[in-house]
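Colleague: how would this look folded up:
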Amino acid sequence: MGAVTINVAIELEGGSAHDLAKAERLVEGMPEIFQAMVAERHAQDLQWGGAAHDDTHAPIDWEALLDEHVGRLTRVEGTHFVSAPDYRRRLVKVGALVVAALQSHDRRQAAEQEGRADA
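Modeller: Just a heads-up that it's a prediction; the model follows:
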């Protein structure tokens, strides 16, 4: 399977050495986190059908899906808690689900803008 490279530029106001050090701490570990979330988004698209499926959800549907997944973060059954690796895996799933909701929202907004431009 091929690799996809994503470059992200973040522009910060200020620009002092302190601001730069703060920004570096903010992004620490993010490449690995984003890589895990992108892989999970790909798995979700394969499982559910991608945009064709995602775009059938209204904002209230996304809220319900997120509530369900966030509610499962720490509990397995009753009061038993998940292991640290399972917790991280579940956080990645929630993050990928947020990305799916954002992608769907952005497509919906773009379609609405196109509709207004055509009118």
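Colleague: secondary structure element for the spatially most central residue of the chain?
Modeller: Centroid-nearest residue in the chain, with Cα atoms, centre = their mean: Val99, separated by 2.9 Å. Using DSSP states H and E, Val99 sits in helix 84-118.
Colleague: so what does that helix touch, helix or strand wise?
Modeller: Taking 3 or more Cβ pairs under 8 Å, 6 or more residues apart in numbering; DSSP states H and E as contact, the helices and strands that helix 84-118 lies on are helix 30-48, helix 51-54, helix 59-71. Where you see a C-beta, it was placed from the backbone N, CA and C, and this is true even at glycine.
Colleague: what is the mean pLDDT for it?
Modeller: The average pLDDT within helix 84-118 is 91.
Colleague: Pull out the buried residues from that helix.
Modeller: 90-101, 103-104 (16 or more other Cβ atoms under 10 Å).
Colleague: Make JSON lines out of these and add distance to Asp45.
Modeller: Below are the buried residues of helix 84-118 laid out as JSON lines (distance: Cβ to Cβ, whole Å):
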{"residue": "Arg90", "distance to Asp45": "19"}
{"residue": "Leu91", "distance to Asp45": "19"}
{"residue": "Val92", "distance to Asp45": "15"}
{"residue": "Lys93", "distance to Asp45": "13"}
{"residue": "Val94", "distance to Asp45": "16"}
{"residue": "Gly95", "distance to Asp45": "15"}
{"residue": "Ala96", "distance to Asp45": "10"}
{"residue": "Leu97", "distance to Asp45": "12"}
{"residue": "Val98", "distance to Asp45": "15"}
{"residue": "Val99", "distance to Asp45": "11"}
{"residue": "Ala100", "distance to Asp45": "8"}
{"residue": "Ala101", "distance to Asp45": "13"}
{"residue": "Gln103", "distance to Asp45": "10"}
{"residue": "Ser104", "distance to Asp45": "12"}
